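Peer 1: Could you look at this predicted model? Sequence included:
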Amino acid sequence: MKLSCLQENFNRGLNIVGRAVATRTTLPITNNVMLATDGGRLKLVATNLEMAISCWIGAKVEEEGAITVPARLLTEFVSSLPGDTVSIQLSPQTKTLGLKCARFEARISGMDAKEFPPIPSVDDGIGTGVEIAALRQGINQVVFAAATEESRPVLTGVSTRFEGNTLTLAAADGFRLAVFQLPVAEPVGQKVEVIIPARTLAELNRLMADQEDKVAITLNPTKSQVLFRLKNKEINVDIELVSQLVQGTFPNYAQLIPKSYNTRVIVGKDEFLRATKTASIFARDGSGIVRLVVTPGGEVTPGKIAVSARSEEIGDDVGEIDATVEGSEAKIAFNGKYLTDVLSVLHEAQVALETTNPSSPGLIRPVGTDNYTHVVMPMFVQW
């Protein structure tokens, strides 16, 4: 293998695939990144066996070849080089990768590329495309609600349902549920639902940050793997992320969404978030409990919502916000973290909170759009 490429592109490629490098593993080669020539470009690949990221960058290839080298060592070395051309040459006998850039050079011992885990190929199956801005918004507003505990593996993933022109993302951890709907570029012929690991979608979100076009999505025929394909024409970089899917059945979350309410409150999102964050300071020593008391307005006075918390040891606080209240007075308590999590990812100026009684789930929706629903289980408190 003999080639040259720009340090800037090489560094960018290594950073793209680096998050898929295994950290704790019984298979040492997954700590490596694979370098291979492919169609006149340099292909970089990393995998942790659950997820693999491949990236193609422009290069001047003189001799074909492939090798794997320690990912962290290579990434740190390349990132420290000046912005010049990097010459890369492999010595096949010693499996040593030589790198030269300006007045710097290094030799890194590698392992045979044939020992690297094979990366699944997902070329056929169910495919569509999604606008990047909509998918990024969907991931941001859903993925945080997925469970982090492995006790129920299906809840560590995001239910992803393709149906006609719509893609529905849903995540739940037993205490909250987030559901987001977005359009797809090409209609899907059959309804299909899979569970994508939340970690995979978080990485996809990171990769999409500097992309401008659509992301292509392909599910393999056995519904065991998903492929996301990104193309950045401006810097001539192609990226593929392939991930194993979580096997199992996601809970029927539609039945968890309340169909009616006794009280509906419309409030400024930023004011609600500020009051909740302030109350959460006092809620730390009180199991994170934040209390909400909704009071309807009169003929001349606006309705209001009081957000409070108290701790036996440190004290208490209360913040009041003007609100438009429909229905009767209401009291309900939530974990403050769950409220701040959802309010922090919403972009709309106003949100609606719908409640039935203190022991029923609360429903939060942004005002002005109907593609997002967030359900939060209440906490039981002495009023």
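Peer 2: Structure received.

Peer 1: Helix, strand, or coil at the residue nearest the centre of the chain?
Peer 2: Nearest to the mean C-alpha position of the chain, by CA atoms, centre = their mean, lies Ala202 at 2.3 Å. At Ala202 the chain is in helix, as set by DSSP: H, G, I helix; E, B strand; the rest coil.

Peer 1: just Leu14 next, same as before
Peer 2: Per three-state DSSP, Leu14 ends up helix.

Peer 1: just checking, it touches Leu73?
Peer 2: No - Leu14 lies out of contact with Leu73 (CB atoms under 8 Å); the separation is 10.8 Å. Backbone N, C-alpha and C define where each C-beta goes, glycine included.

Peer 1: Tell me the confidence at the closest residue to Pro302 other than its chain neighbours?
Peer 2: Among residues not flanking Pro302 along the chain, Asp322 sits closest, at 4.6 Å (CB to CB, 6 or more residues apart in numbering). For Asp322, the pLDDT comes out at 96.

Peer 1: Who are the contact partners of Ile305?
Peer 2: Applying CB atoms under 8 Å, 6 or more residues apart in numbering to Ile305 gives the contacts 265, 267, 272, 292-295, 320-321, 323, 325, 353.

Peer 1: how about low-confidence regions in the stretch 201-350 of the chain?
Peer 2: 233-234 (pLDDT under 70).

Peer 1: So which of Leu14 and Leu73 has more stuff around it?
Peer 2: The neighbour count for Leu14 versus Leu73, taken as other CB atoms under 10 Å, is higher for Leu14 (24 against 15).

Peer 1: That one - nearest residue in space that isn't next to it in sequence?
Peer 2: Thr75 (4.5 Å).

Peer 1: same check, this time on Asp238
Peer 2: Residue nearest to Asp238 in three dimensions, not counting chain neighbours: Trp56, with 4.4 Å by CB to CB, 6+ apart.

Peer 1: now for whichever strand or helix holds the one you found, which elements pack on it?
Peer 2: Using DSSP states H and E, Trp56 sits in strand 51-58. Where contact means 3 or more CB pairs under 8 Å, 6 or more residues apart in numbering; DSSP states H and E, strand 51-58 is packed against strand 2-6, helix 7-18, strand 41-47, helix 198-207, strand 237-244.

Peer 1: Would you tell me which of those gets closest to Phe380?
Peer 2: Among these, the nearest to Phe380 by CB to CB is helix 198-207 (28.1 Å).

Peer 1: on contacts alone, who are the packing partners of whichever helix or strand comes after that closest one?
Peer 2: Later in the chain than helix 198-207, the nearest helix or strand by DSSP H and E is strand 214-219. If contacts are counted by 3+ CB pairs under 8 Å, 6+ apart, strand 214-219 sits against strand 126-131, helix 132-142, strand 176-197, strand 225-232.

Peer 1: now do 6 Å
Peer 2: strand 126-131, strand 225-232 (3 or more CB pairs under 6 Å, 6 or more residues apart in numbering; DSSP states H and E).

Peer 1: so can I have a markdown table of those strands showing distance to Lys114 and mean neighbour count?
Peer 2: Converted to a markdown table, those look like this (distance: least, CB to CB, whole Å; neighbours: other CB atoms under 10 Å):
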| stretch | distance to Lys114 | mean neighbour count |
| --- | --- | --- |
| strand 126-131 | 30 | 18 |
| strand 225-232 | 22 | 20 |
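
Peer 1: how about those strands in JSON lines, adding distance to Asp370?
Peer 2: Shown next, in JSON lines, are the helices and strands packed on strand 214-219 (distance: least, CB to CB, whole Å):
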{"stretch": "strand 126-131", "distance to Asp370": "18"}
{"stretch": "strand 225-232", "distance to Asp370": "27"}
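
Peer 1: Ok, which of those strands comes nearest Ala36?
Peer 2: Nearest to Ala36, of the helices and strands packed on strand 214-219 and by CB to CB, is strand 225-232 at 18.2 Å.

Peer 1: what does the closest one rub up against?
Peer 2: 120, 122, 196, 204, 211, 215-219, 238-245 (CB atoms under 6 Å, 6 or more residues apart in numbering).

Peer 1: That one vs strand 237-244, what angle?
Peer 2: Using axes from the mean of the first three to the mean of the last three CA atoms, to 10 degrees, the direction of strand 225-232 lies 170 degrees away from that of strand 237-244.

Peer 1: quick one: strands adjacent to strand 225-232?
Peer 2: strand 214-219 (antiparallel), strand 237-244 (antiparallel) (DSSP bridges).

Peer 1: Pull out the buried positions in the top helix by length along the chain.
Peer 2: The longest helix of the chain (DSSP state H) is helix 269-283. Neighbour-count burial for helix 269-283, counted by 16 or more other CB atoms under 10 Å, picks out 269, 271-280, 282-283.

Peer 1: tell me what it is packed against?
Peer 2: strand 289-295, strand 303-311, strand 315-327, helix 336-345.

Peer 1: Strand 315-327 and that one, what's the angle between them?
Peer 2: Using the same axes, to 10 degrees: helix 269-283 against strand 315-327 is 140 degrees.

Peer 1: how distant is helix 269-283 from the center of its chain?
Peer 2: With CA atoms, centre = their mean, to the nearest Å as the basis, helix 269-283 stands 25 Å off its chain's centre.

Peer 1: Kindly format the C-alpha coordinates of it as CSV.
Peer 2: C-alpha atoms of helix 269-283 as CSV (Å, rounded to 0.1, in the frame of the first residue of the first chain):
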residue,chain,number,x,y,z
LYS,A,269,-41.4,27.3,27.1
ASP,A,270,-38.4,29.4,28.3
GLU,A,271,-40.2,30.6,31.4
PHE,A,272,-41.3,27.1,32.3
LEU,A,273,-37.8,25.7,31.8
ARG,A,274,-36.3,28.5,34.0
ALA,A,275,-38.8,27.9,36.8
THR,A,276,-38.2,24.1,36.6
LYS,A,277,-34.4,24.5,36.7
THR,A,278,-34.7,26.8,39.7
ALA,A,279,-37.0,24.4,41.5
SER,A,280,-34.7,21.5,40.7
ILE,A,281,-31.9,23.1,42.7
PHE,A,282,-34.1,22.7,45.8
ALA,A,283,-35.4,19.3,44.7
